[in-house]
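Visitor: build me a model:
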Amino acid sequence: MYVQERPGSPATYIIIAANVVIWLITVLITASAGRMYLWILYNFGAVPILIVNGINLHSLITHMFLHDTSSIWHIFLNMYMLFLFGRDVEQTLGTFRFLLVYFLSGLGGSFLHIFYFTSFFPTPSTTEELVRCFQLSQPPCVPSIGASGAIFGLMATYAVLFPFRRLFLLWGFFLPIAAPAIAVILVLALIQTLFMLATPFSSIAYTAHVGGFITGLIMALLFRATYLRRRIYWEW
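Guide: Got it, this is the predicted structure:
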């Protein structure tokens, strides 16, 4: 069985708080200066064509703390999933390994997203094409934002650590169904993969979800042997 590395999950709550505060700030900016919000998106969101050219590399991290300001659901669902899965993962692996899983999964999601949109879509080779790419919001020039890739990595880790813990789903948003975590999370990952292949122009970065999930799964399997049949101890 898996045991706790530490009694609390401070990093989970700090990341949630940081995301909520940044979202509130960007909402206020959007309400008062819409163009400023666009500047934030293109400077701190992950824009594939910029990153492959070595521009705005910091956005590989900062994009994880930006969420859509037009609706509360993006930030709410992401933070709810982080709250649901992050606490147990952090308590089991410890804060340092939790942060490794979280941020490396976010990076893994970004890398797959960037590879996908710069390899399978035409990329601009001249200044005129680059300007047109941004003007028409073509896939390589659209910023991606959100913590979803990192959270899917946590979900994969949770499935490895607690495969038979029951999770509840609302089927059709009305009918509650209980199923083992590994079944629920693998089905969600499969759905994301199908959407990634079927809707490449979607405004939702399914590629980042899949890349984050794969990264988190690999890391969880690497950590797995270390945390089987250990004694519980508290880290002060």
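Visitor: for stretch 133-149, which outside residues touch it?
Guide: 15, 19, 41-42, 45-49, 59, 63-68, 74, 78, 82, 105-106, 108-110, 113, 117-118, 121-124, 130, 132, 200-201, 205, 208-209, 211-212 (Cβ atoms under 8 Å, 6 or more residues apart in numbering). Using the backbone N, CA and C atoms, a C-beta is placed for each residue, glycine as well.
Visitor: just the buried positions in that stretch, please.
Guide: 133-134, 138-149 (16 or more other Cβ atoms under 10 Å).
Visitor: report the distance from it to the chain centre.
Guide: Centroid separation for stretch 133-149 versus its chain: 15 Å, with Cα atoms, centre = their mean, to the nearest Å.
Visitor: name the helices or strands packed onto the longest helix that the chain contains?
Guide: For the chain, the helix with the greatest residue count under DSSP state H is helix 95-119. When contacts are defined as 3 or more Cβ pairs under 8 Å, 6 or more residues apart in numbering; DSSP states H and E, helix 95-119 packs onto helix 10-32, helix 48-51, helix 59-62, helix 73-93, helix 148-161, helix 206-224.
Visitor: ok, of the contacts of stretch 133-149, which come out buried?
Guide: 15, 19, 41-42, 45-49, 59, 63-68, 74, 78, 82, 105-106, 108-110, 113, 117-118, 121, 123-124, 130, 205, 208-209, 211-212.
Visitor: could you look up the SS state of Ala178?
Guide: Assigned by DSSP: H, G, I helix; E, B strand; the rest coil, the conformation of Ala178 is strand.
Visitor: what sits closest to it if chain neighbours are left out?
Guide: In this structure, Ala178 finds its nearest non-sequential neighbour in Arg166, 4.8 Å apart by Cβ to Cβ, 6 or more residues apart in numbering.
Visitor: what's the neighbour count on the one you found?
Guide: Other residues lying near Arg166 total 11 when counted by other Cβ atoms under 10 Å.
Visitor: again with Trp39
Guide: Residues contacting Trp39 under the criterion other Cβ under 10 Å number 11.
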